[in-house]
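Engineer: model this:
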Amino acid sequence: MDDYHRMIAAGILSNRRVELLAGEIVEMTPETPIHYNTAKRGAKYLENLLAGKADVRFNGPITLQNSEPEPDIAIVRPQDSVYNNRHPEPEDIFWLIEVAKTSQKKDLELKTKIYAAALIQEYWVIDLSSKQVTVFRQPQNGQYFIQQVISEGVISPLAFPDIQISIEQLLN
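Structural biologist: The predicted structure follows:
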């Protein structure tokens, strides 16, 4: 992790879209217009629903033990001044969302393992090809114990059971 941060500070990675996943520097999949717009609209939608309860971060890094991924949306504790000196860490994170159009394999396999190992309590993958949201919950031993695929209706995140999030709104 320190080497990765030194490479960033030295400008070695400045012209590359990469993230640190399980100790490896991995090229990020280029975003299609629908991927970017879905993630941006989803972040705005969640910002409105969670106003005053959480900080909704868009395409920003988080710091885990041996990874520094950049989830499309991270819902974290609202401690903006703390994030001036560091990225959100597992104890700051309510849940993470990835949007997948061409990155399903990485999002549904590699990142699922990384997030479960970091004990991220909830992780969603918005799959634009299948028009479904896969919800992962209850991380144990490097994997999620519960996996649910939803294509319509509403879901309440574990951290905010009183909030109902429209699946259709996330998918459009």
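Engineer: Longest helix in this structure, by number of residues?
Structural biologist: helix 33-49 (DSSP state H).
Engineer: Quick check: neighbours of whichever helix or strand comes after that helix in the sheet, parallel or antiparallel?
Structural biologist: Next in sequence after helix 33-49, counting helices and strands by DSSP states H and E, comes strand 55-58. In the sheet, strand 55-58 lines up against strand 73-76 (antiparallel) (DSSP bridges).
Engineer: which outside residues touch the next helix-or-strand element following the strand it pairs with?
Structural biologist: Going down the chain from strand 73-76, the next helix or strand is strand 93-100, by DSSP H and E. With contact meaning C-beta atoms under 8 Å, 6 or more residues apart in numbering, strand 93-100 is reached by 35, 38-39, 42, 54, 62, 71-77, 107-108, 111, 115, 120-129, 157-160. Using the backbone N, CA and C atoms, a C-beta is placed for each residue, glycine as well.
Engineer: Taking these, please make a PyMOL selection of just the buried ones.
Structural biologist: This is how PyMOL selects the buried members of the contacts of strand 93-100, with burial counted by 16 or more other C-beta atoms under 10 Å:
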select buried, resi 35+38+39+42+54+62+71+72+73+74+75+76+77+107+108+111+115+120+121+122+123+124+125+126+127+128+157+159+160
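Engineer: ok, back up a step: and the longest helix of the chain, what other elements does it pack with?
Structural biologist: Counting contacts by 3 or more C-beta pairs under 8 Å, 6 or more residues apart in numbering; DSSP states H and E, helix 33-49 is packed against strand 55-58, strand 73-76, strand 93-100, strand 165-166, helix 167-171.
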